[in-house]
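Asks: Quick one, structure for this:
(2 chains)
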Amino acid sequence: MPASRFSNLAAGWRGVCLVAITYIYFLIFAQFAFLNRLNQIGIAGAHLQQIMATMASGGIALSLLATLRAFEPWPRLRLQISYIICGAAAALTVLPLNLPGSIALSFLVGSGLGMLTVTLVSNLQLWIGPKHGLWKIGAGTGIGYFVCNLPALFTATPNTQSVTAALLCLGGIFAASKTLPPDASCDEGVHRRELSFGVVLAAFTALIWLDSAAFFIIQNTPSLKAGTWQGTFHLRANGIIHLTSALASAFLLRRRGLSVVLGLAVLALSFACLLLHQPGQVLLASLLYPTGVSLYSVALVAYPLFLAPSTSPHQRTFRVGMIYAVAGWFGSAMGIGMAQHLRQVPIPFVVLAAVLILGPAFIPYVRHYWRETTLVGAALAVALCIYLASSASGRKSQPTLTAEERGRQVYIAEGCINCHSQYVRPGSPDVLMWGPAGAIEDLRSQHPPLIGNRRQGPDLTQVGGRRSSLWLKAHFFNPREVSHASFMPSYGYLFNDSTRGDDLVHYLGSLKSPQYAEHITVEQRWQPAESEIAAGSPKEGAHLYMEYCATCHEPGGLTRSEWKSHFTRLPPDLQAGPWLHLTASDPSTRRILRLAQIIKFGIPGTDMPGHEYLSDKQVVSISLWLNQSIVLHQRVANIENRSGEDR
Amino acid sequence: MSLSSSMDFVPDAAEASQSERQSIAGRQVMAATAWHSLLWLVVANCVGVLLATMLLLPRIDPLLGDWTYGRWMPVHMNLQLYGWCSLPLVGFLFVVYGVRRVPAARWASPVLWLWSAALGVGSSSWLSGHSSGKLFLDWTGYSRVLFPCALLCLWGLLAAAFVIEYRGRTSSLLTARTLKFAGLALLLLVPALIYIASSPALYPPVNPDTGGPTGASQLESTLVIIAILLLLPFGISDRERRGSPTIALAWIVFAAECLLSLGLGRADVSHHKPTQWISLGSLLVWIPLTPAYYSGFHWHENTRRWRIAFLCWWSILVPTGWMLFLPGVLDHFKFTDGLVGHSLLAMAGFVSSLLIFVLVQLMGKDGWIFNRSWSFYLWQASVAAYVAIMFFAGWREGSDPSFSITPGPLRNSIYALRLLLGILILVASLDWFRNASSLLGETNASMPRQIAAVSS
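Replies: Prediction:
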């Protein structure tokens, strides 16, 4: 890299630091530490709202005051004073607080931040250097978010976070102490496409509104918080996404302009807000949310200086003041208010925000492709009217559904048919494995029949006879834990916020024909062929035992531990017994056969499942190993003598 | 005789500028049709790759939350069927009914966008857990209304183009007009049929020994494909010579098989009944008859490799389809990857090659977008390898269900290979889509310029 280029980049380190410090202060102190501190001293409800309103008032007031011409001549001093106010507010937070003190402190935080942000952004060229301003703002913003997401800082106590913020403000005072001469050629070649100030202001307001609402919802919903901001991995990933997105934003602002960045930001945030409606999609939302936030955060700093031509420094300062007062403080307050009252971001609001920001960019296309727009729009509207009319009339005649019927609907909705058949082929090996075949007439009475055409997993026609409700539920939560090498996804989300999961378990439990009782006698008559017994290997059995049985039958088995209180009868610890379904007087050969039957078909009426899909050789191997190494004669009890069972 | 009036429309000198304009509009319509078709092919292939990844690496499932394998499957299958497999045939209808001509041509793109919007709404509904529970007929709720609406709009455009053409007397043959009118009447039934067939209360005949379709059902659905195969050349090509005995023979055989199908009825009959598999065996006659039939027509030189490809796949599809239905064989392969392999043979091998052949014929010189050698051979070789490994996996699975239920190293190796082949198939489709995009851009840009040049 040529020396001059390096010096251009290095010259702006103060600006990068100031942007990063300001973001860290806002994010880790004003948004987290201060609120957590208030929570620690028991301030909540109406008092908390009073404090938040005071902070917003201070922020708006000082953001607007900072635009006055009287302040323009001393930007460096004003920035340093802002850092002193902010640092003092952070340091005071660690002191014992009461309600009046907290209100006063919140005003100090808000006013300090208001003056700090407007002063810094209006005069950033004094610290950012003559070249590569957008990249430096991107780096400063990205570093700010990255540092906030460092697990050590993110999970620190409010006092530690407050002290860190105060120390950073000290650093800010030092970094602001020297300024660079402003350069008119700053960031030449930046893509400037005229967007009126009013549109930009409205766009930033909508983005911050969405951001604040999503932030509040995630912060106050444990399941969402667990899926986004808890755990070292999540935090590190968030930090990296923020940093990458901030740099991408700088690149896009330079090459594609503000409207593209705002468009992408609103898409990311809109999808994140929509996904928050579905707890199952929180992971995807956790990728989109930081992306959207970082994209617009860079633009928020860069817009007044690099992307909006201003006729005078005062006009620039005025715009910054308006953006931070209206979009920043007002938008943020509205977003939090919306989230507090509605506990969600309503879909119409998301659509409105997206239309507001993306609309202007689409108008030329809509005009050019008016036939396409008109036809698609009209057809969507007509279809909606027909659908609403037909569903309204259908709703009147719809009976109340039972849990089983609702469960069947869940089965259809989740597309279980794509991996599981519900058809036992009569006279085929299916019958022994999956249960008795049904009649075509019964099939035709189902609407629709759920036969399926591909078995990625077992047939479910008689699953209610082969598996207990507990097994089904445990399997939905963590298939691989219950069923070795299963590649079925977890359906734990069905049990989160509704009865869908339990309904599905009910439905599957009901899949059992009256002929199943006869089928049990067939299972009990089953015996592996002599050749399979001869081929069985206890060594292989030991290996298979660890894969298929240990999760329930070892003292530390995962399924056994997690579902301990739910078992009808706790599965016996195979090291200790007792073995209630074996007879003490049986010879070894008979015991091997009985064990093989239990392994293959389970124990009817209990939580012990079968392993119908294993080959006879594998079943015999497990049986041989159990017989050799675990089943000691004195631990085998008669079935009539059930005792010593733990719950 | 040709149903396509645009193919035999020869402008005189006075109509030259008008003809030029029509030609540009026609190119635009076909480019847009190819673009929409390929868009859905690429999207469906991407979903296919995602599905193959989920089967091999289930650890990625948590990343997708409740968008699980079961919800992605209808998206994959329906986008292939209603997107990729249907839109080229919409292009065929555009040509037959004269939608390539202004003013009807102006509404081709809106209709294609509406079709795509309906597929987008459908995908979103399936991903949100809305399905009728019927494979390939998952339309339910709002999307069950919207998709037939899109079909109705298409029908409206075809009808309007037909009326414009009738008034303009551009098509002179009464027979052609009568056939087109009859076709229009039949096409009007399609939206209603899709709506009705999506109802959970209706279900086709069931083979009691497998739970799958009966021999009669398979014969019936294959005859629909054969009907399309027989009709296609009339819409997009001219006969080599009038009164070809092969063409007449093909139609006679088709009529006889339709009668056979009617005679078999729609009962729940096992494939073990000899009448079922023997009747289905009657389709074997199409192995020699189809190439002979197609050789009776003129084809654009750009279609050659695709014509050979689809006829080769056809000659594999028909006998393997019949063999897979035979007692013993179907009992072994039912519910296994073997049938997945056969579906891919049908859809990615035969149907895709046929559709591209049709598109290339419709696009003429613009058909270059499909004719890069590397993407052609990549597609064909990948599909062939995919089919082979799925048959092998199905054969293993038929003997041992745990081969699939509790995957071991061999199954995982096969699935890894399957994923790789899926990616290669996607890469080939991406090449066509990229070419279609540049062609669409070129035709859109050239329209005003060329019209201006013609006007001056």
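Asks: alpha carbons only for contacts and neighbour counts from here, please
Replies: Will do.
Asks: Which residues are in contact with A:L283?
Replies: A:G227, A:T228, B:P62, B:L63, B:L64, B:G65 (C-alpha atoms under 8 Å, 6 or more residues apart in numbering or on different chains).
Asks: Centre-most residue in chain B?
Replies: Residue closest to the mean C-alpha point of chain B, counted by C-alpha atoms, centre = their mean, is B:C85 at 2.6 Å.
Asks: So that one is in contact with B:I356, correct?
Replies: No - the pair B:C85 / B:I356 is not scored as a contact, 9.9 Å apart, by C-alpha atoms under 8 Å.
Asks: before we move on, the earlier item: so how do I select the buried members of the contacts of A:L283 in PyMOL?
Replies: Filtering the contacts of A:L283 down to the buried ones (16 or more other C-alpha atoms under 10 Å in any protein chain shown) takes a single PyMOL command:
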select buried, (chain A and resi 227+228) or (chain B and resi 62+65)
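Asks: Between the contacts of A:L283, which sits nearest B:L81?
Replies: For the contacts of A:L283, the minimum distance to B:L81 (C-alpha to C-alpha) is 24.3 Å, reached by B:L64.
Asks: Count the neighbours of residue 246 for me.
Replies: All of this refers to chain A. Neighbours of A:A246 under the rule other C-alpha atoms under 10 Å in any protein chain shown: 31.
Asks: Oops, wrong one, chain B.
Replies: Neighbours around B:T246, by other C-alpha under 10 Å: 16.
Asks: Then A:L113?
Replies: 27.
Asks: before we move on, what about B:K273?
Replies: Neighbours of B:K273 (other C-alpha under 10 Å): 12.
Asks: Please apply the same query to the one 3 residues further on.
Replies: One way to gauge burial is a neighbour count; for B:Q276, by other C-alpha under 10 Å, it gives 21.
Asks: So it sits against B:Q218, correct?
Replies: No - using C-alpha under 8 Å, B:Q276 makes no contact with B:Q218, being 9.6 Å away.
Asks: Can you get me the start-to-end distance on stretch B:194-204?
Replies: Stretch B:194-204 has an end-to-end distance of 14 Å (C-alpha to C-alpha, to the nearest Å).
Asks: Same check on stretch A:552-570?
Replies: Using C-alpha to C-alpha, the end-to-end distance of stretch A:552-570 comes out at 9 Å.
Asks: what does the average pLDDT come to for that stretch?
Replies: The average pLDDT within stretch A:552-570 is 85.
Asks: Name the helix or strand for the most centrally placed residue in chain A, please.
Replies: Central residue of chain A (C-alpha atoms, centre = their mean): A:V282, 2.4 Å from the mean position. Using DSSP states H and E, A:V282 sits in helix A:282-302.
Asks: Show me which helix runs longest in chain A.
Replies: When chain A is scanned for its longest helix (criterion: DSSP state H), the result is helix A:370-396.
Asks: what comes up buried for it?
Replies: A:R371, A:E372, A:T373, A:L375, A:V376, A:A379, A:L380, A:A383, A:L384, A:Y387.
Asks: Give me the pLDDT for A:L508.
Replies: Looking at A:L508, its pLDDT reads 96.
Asks: how much space is there between it and chain B?
Replies: Distance of A:L508 to chain B, given as C-alpha to the nearest C-alpha, to the nearest Å: 16 Å.
Asks: That residue and B:H130: what is the separation?
Replies: Distance from A:L508 to B:H130, by C-alpha to C-alpha: 19 Å.
Asks: follow-up on the earlier one: quick one: contacts for the residue nearest to the centre of chain B?
Replies: Contacts of B:C85 (C-alpha under 8 Å, 6+ apart): B:S37, B:V351, B:S352, B:L355.
Asks: burial of the second one, as a residue count?
Replies: When counting by other C-alpha under 10 Å, one arrives at 19 neighbours for B:V351.
Asks: interface residues of the stretch 201-350 of chain A facing chain B?
Replies: Contact residues, the stretch 201-350 of chain A versus chain B (C-alpha under 8 Å from any C-alpha of the partner chain): A:G280, A:Q281, A:V282, A:L283, A:L284.
Asks: Which of these scores worst on pLDDT?
Replies: A:G280 (69).
Asks: Output the contacting helices and strands for the helix or strand containing B:E442.
Replies: According to DSSP H and E, B:E442 maps onto helix B:409-455. For helix B:409-455, the packing partners by 3 or more C-alpha pairs under 8 Å, 6 or more residues apart in numbering or on different chains; DSSP states H and E come out as helix B:16-56, helix B:373-399.
Asks: which other helices and strands contact the very next helix or strand once past the longest one?
Replies: Same thing as helix B:16-56. Scanning forward in sequence from helix B:16-56 by DSSP H and E, the next helix or strand is helix B:69-78. Helices and strands touching helix B:69-78, by 3+ C-alpha pairs under 8 Å, 6+ apart, are helix B:16-56, helix B:108-127.
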